[in-house]
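Q: give me coordinates for this.
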Amino acid sequence: MDRSQHQRLDSIRRGQSELDNHLIDEFLGGYISRREFVRKGTVLGLGLPTLGAILAACGSTTSSTGGGALKKGGKMTVAIITPSGAIDPLKVSDEGGLAVLGQAGEYLAFSDKDLKLVPVLAESWQANSDGSVWTFKIRQGVKFNDGTPMTAKDVAFTVNLHADPANGSNARSVFKGVLSKGNTTAPDDTTVKFQLDAPNGNFPYLVSSDNYNLIILPSSYTGGYESSFIGTGPWKKTSFTTGQGVSYVQNPNYWDKSALNLDSLDLKFYADDQPRILALQGGTADVISQFSASVGQALLGNPNITVLALRSSAHRQIHMRTDKEPFTDKNVRQAMGLVLNRQQLVTQLLNGQSDLGNDSPFAPVFPSTDTSVAQRAQDVTQAKQLVTTAGKSGATVRLDTWNGYEIPQLAQLVKAGAAQAGINITLNVTDAGTYYGDAVFGKSPWLDSVMGITDYGHRGVPNVFLGAPLLSSGPWNSAHFKNTQYDDLVAKYVAAIDSATQRNLAGQIERLLLDQTPIIFPYFYKHMSASKTTVGSIEPTAMGHISLKTAGFKA
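A: Just a heads-up that it's a prediction; the model follows:
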């Protein structure tokens, strides 16, 4: 759904009873079919115009494999993208790797499809008055898959392992400036205390599955994860072959074993979308954990396939160097934002499976997003005027990016739009390794290019998106954007604990970024997974996790 559809649905909801809205939630969650929704809605007295408006806003895909009794037993085969490197809890930074980590490993909490934190190894958490200290209560009776009991000391060890700069953990991109090494302690076997570097109202997300490296490890861990796959999760590794896949059986020591349906599980690795799609269509896979809407049209209308489309904060960023011509003038940056027909981009590139972006990290899916901020729309006339006012008509700039997903097609459309405003763009599309380089300033076309397009994966809260690519000191600040007012607003947003304060600050940030436009956020695309209709109770997330704890085959 785009922003206008969400607004229409919100408007419809306000006029309905609590019972009506519960029915709408059941349908949105995929727990009842369209036919059952219409039948129940009619019984409740919802008129056909209202039912039709809701169906139009919700679209044709679901976000869950939903109801139906599941039988015990069987083996499920899941096709996932090939992990980009070794399966190492500290180093994994890709969707394939995190999908593997989440089977034998578990997190303190799981950030679900609705961006709500579900307790897992932590049963509860609370902050002090200003959000600078968080205390977590740890679940008791949990064992690692080698039979060793898990305690709060293992949790503190794991978090400190990732917070230590010497270990090079990818979790540091989340912890930097938030949590330092040694500031996680276990006062007793059931309690973990986090003393933060600065107040943080969204901190529980930063130690959940949103921080995908942070599966809990035993305090005896010294590395070599691929030989042990040690963890507290529902599945225990029986075999692993690099580049091919992992096989699992039920973890005999699992703390919630009664929830398991399957006897065993195979994850099969595929380098590209198309082979994964063919595996599902051909019956050699029961589930695929992710595919691009741009190449998966055949799945969308297949009656034997259930497509799971999750709204997400995953997006592409089109950055413009604010310290390099022609983008030193914000009028030119604004013009670039105005030449894009965003609805056309979503329809043409993503088969409509996306929310519109409004040139800030605040995706419509985030509860703190201020949806009263007007959506930027295409206005080529105004764009041409802004370029003329800046004296930049006829300027030429190179756009660097890489040849993944729909990104090359997006680059072509950006080029065509810019030409209408009087800006000439040349394209330099390379492989991902060349584009990202060493991922540090001075050694990366991503961070050094005057203009570029970069892919960003989903997060359950906007903190990383607000900080890394946009703060003056941000390690991924490819726009070289430096704005003290922005930095101050982000610091206040991060520290805010209550939702009303967060939303108020979000609105201020959204308006500032619309004015400055260092980065164009054209859309926030849905995370697409699919399964056979005979499969039930799989739970993908927009980040790329796929929980198979309760998965099974329908009876």
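Q: C-alpha only now, for contacts and for neighbours.
A: Will do.
Q: got the phi/psi numbers for Gly536?
A: Main-chain torsions, Gly536, degrees, to the nearest 10: phi -140, psi 160.
Q: next: Val397.
A: phi -140, psi 150.
Q: could I get the buried residue list for stretch 207-220?
A: 207-219 (16 or more other CA atoms under 10 Å).
Q: among the residues you listed, which lie within strands?
A: Per DSSP state E, strands hold no members of these.
Q: of all those residues, which two lie farthest apart?
A: Asp210 and Ser219 (21.9 Å; CA to CA).
Q: quick check: end-to-end length of stretch 535-545?
A: 17 Å (CA to CA, to the nearest Å).
Q: tell me the average confidence for it?
A: Computed over stretch 535-545, the mean pLDDT rounds to 92.
Q: what distance separates that stretch from the centre of its chain?
A: 12 Å (CA atoms, centre = their mean, to the nearest Å).
Q: over to stretch 339-349?
A: Averaging C-alpha positions (CA atoms, centre = their mean) puts stretch 339-349 21 Å from its chain's average.
Q: please parse the chain into its domains.
A: Per automatic domain parsing, the structural domains of the chain span 3-58, 106-225, 315-525.
Q: format the ones you listed as TSV; extra columns: distance to Ser239 and mean pLDDT.
A: TSV is the format used below for these (distance: least, CA to CA, whole Å; pLDDT from 0 to 100):
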stretch	distance to Ser239	mean pLDDT
domain 3-58	34	58
domain 106-225	13	95
domain 315-525	29	95
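Q: could I get those domains in CSV, plus columns for distance to Ala555?
A: Shown next, in CSV, are these (distance: least, CA to CA, whole Å):
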stretch, distance to Ala555
domain 3-58, 17
domain 106-225, 25
domain 315-525, 31
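Q: right, so of these, which gets closest to Ile87?
A: domain 106-225 (6.9 Å).
Q: quick check, distance from the closest one to the centre of its chain.
A: For domain 106-225, the separation from the chain centroid amounts to 19 Å (computed by CA atoms, centre = their mean).
Q: and what of stretch 91-110?
A: Distance, stretch centre to chain centre, for stretch 91-110: 13 Å (CA atoms, centre = their mean).
Q: returning to that earlier point: which of the buried residues of stretch 207-220 sits closest to Asn504?
A: So of the buried residues of stretch 207-220, ranked by how close each gets to Asn504 (CA to CA), first place is Asp210, at 24.0 Å.
Q: follow-up on the earlier one: so which of the buried residues of stretch 207-220 is the closest to Val92?
A: Nearest to Val92 among these, counting by CA to CA, is Asn213 at 6.5 Å.
Q: tally up the residues packed near the residue lying closest to Asp256 once chain neighbours are set aside, please.
A: Using CA to CA, 6 or more residues apart in numbering and skipping the chain neighbours, the partner closest in space to Asp256 is Pro234 (7.8 Å). Per other CA atoms under 10 Å, the neighbour tally for Pro234 reads 27.
Q: Pro234 is in contact with Thr550, isn't it?
A: No: with contacts counted by CA atoms under 8 Å, Pro234 stays clear of Thr550, the gap being 9.4 Å.
Q: common neighbours of those two, please.
A: The overlap between the contact sets of Pro234 and Thr550 (CA atoms under 8 Å, 6 or more residues apart in numbering) consists of Leu260.
Q: need the three-state assignment for the spatially most central residue of the chain.
A: The chain has His458 as the residue nearest its centroid, 1.5 Å off, counting by CA atoms, centre = their mean. At His458 the chain is in coil, as set by DSSP: H, G, I helix; E, B strand; the rest coil.
Q: so what's the residue nearest to Asp256 up against?
A: 103-105, 250-251, 254, 256-257, 260, 549.
Q: wait, which of the domains of the chain is closest to Ser537?
A: Nearest of the domains of the chain (CA to CA): domain 3-58, 10.3 Å.
Q: show me what the one helix or strand Thr454 maps to is in contact with.
A: Per DSSP states H and E, Thr454 falls inside strand 451-456. Strand 451-456 is contacted from outside by 314-321, 397-402, 407, 411, 446, 479, using CA under 8 Å, 6+ apart.
Q: longest helix anywhere in the protein?
A: Taking DSSP state H as the criterion, the chain has its longest helix at helix 499-516.
Q: who are the packing partners of it?
A: Contact here means 3 or more CA pairs under 8 Å, 6 or more residues apart in numbering; DSSP states H and E; on that basis helix 499-516 packs against helix 330-338, helix 484-495.
Q: centre of the chain versus the last one, how much separation?
A: Mean-position distance between helix 484-495 and its chain equals 22 Å (CA atoms, centre = their mean).
Q: what is the neighbour count of Pro518?
A: Neighbour tally, Pro518, other CA under 10 Å: 30.
Q: do Thr381 as well
A: Thr381 has 13 neighbours, counted by other CA under 10 Å.
Q: can you check the one 5 residues further on too?
A: Number of residues near Leu386 (other CA under 10 Å) recorded here: 23.
Q: doesn't it belong to a strand?
A: No: secondary structure assignment places Leu386 outside any strand; it is helix (three-state DSSP).
Q: buried sites along the strand holding Thr454?
A: 451-454.
Q: alpha carbons of that strand, as PDB, please.
A: Output of strand 451-456 as PDB, limited to C-alpha atoms (Å, rounded to 0.1, in the frame of the first residue of the first chain):
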ATOM      1  CA  MET A 451      26.000  10.800  -7.000                       C
ATOM      2  CA  GLY A 452      25.100   7.100  -6.400                       C
ATOM      3  CA  ILE A 453      22.400   4.600  -5.700                       C
ATOM      4  CA  THR A 454      22.800   2.300  -2.600                       C
ATOM      5  CA  ASP A 455      20.600  -0.500  -1.200                       C
ATOM      6  CA  TYR A 456      19.700  -0.500   2.500                       C
END
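Q: chain center to that strand, what's the gap?
A: Taking CA atoms, centre = their mean, the mean C-alpha location of strand 451-456 is offset from the chain mean by 16 Å.
Q: ok, then the element right after that strand?
A: Past strand 451-456, the next helix or strand by DSSP H and E is helix 463-467.
Q: and that following helix, what does it pack onto?
A: Using 3+ CA pairs under 8 Å, 6+ apart, helix 463-467 sits against helix 484-495.
Q: just to revisit the earlier point, mean neighbour count, the helices and strands packed on helix 499-516: which tops it?
A: helix 330-338 (a mean of 26; mean count of other CA atoms under 10 Å).
Q: which parts of whichever helix or strand comes after that one are buried?
A: Going down the chain from helix 330-338, the next helix or strand is helix 342-350, by DSSP H and E. By neighbour count on 16+ other CA under 10 Å, the buried set for helix 342-350 is 342-343, 345-346, 349-350.
Q: before we move on, the earlier item: any of the contacts of Pro234 buried? List them.
A: Using 16+ other CA under 10 Å, the buried members of the contacts of Pro234 are 103-105, 250-251, 254, 260, 549.
Q: now for those: which two are most distant?
A: Among the buried ones among the contacts of Pro234, Gly105 and Leu260 lie farthest apart (CA to CA), at 15.1 Å.
Q: what's the burial count for Trp476?
A: 20.
Q: also Gly417?
A: When counting by other CA under 10 Å, one arrives at 24 neighbours for Gly417.
Q: kindly report the same for Pro187.
A: 12.
Q: that one in helix, strand or coil?
A: Under three-state DSSP, Pro187 falls in the strand class.
Q: start the count at 50 instead of 1 going forward.
A: That works, and once the first residue is 50, the last one we named lands at Pro236.
Q: let me see the ranges of the helices in the stretch 300-449 of the chain.
A: Using DSSP state H, counting those that start in this stretch, the helices of the stretch 300-449 of the chain run over 322-331, 346-349, 379-387, 391-399, 429-438.
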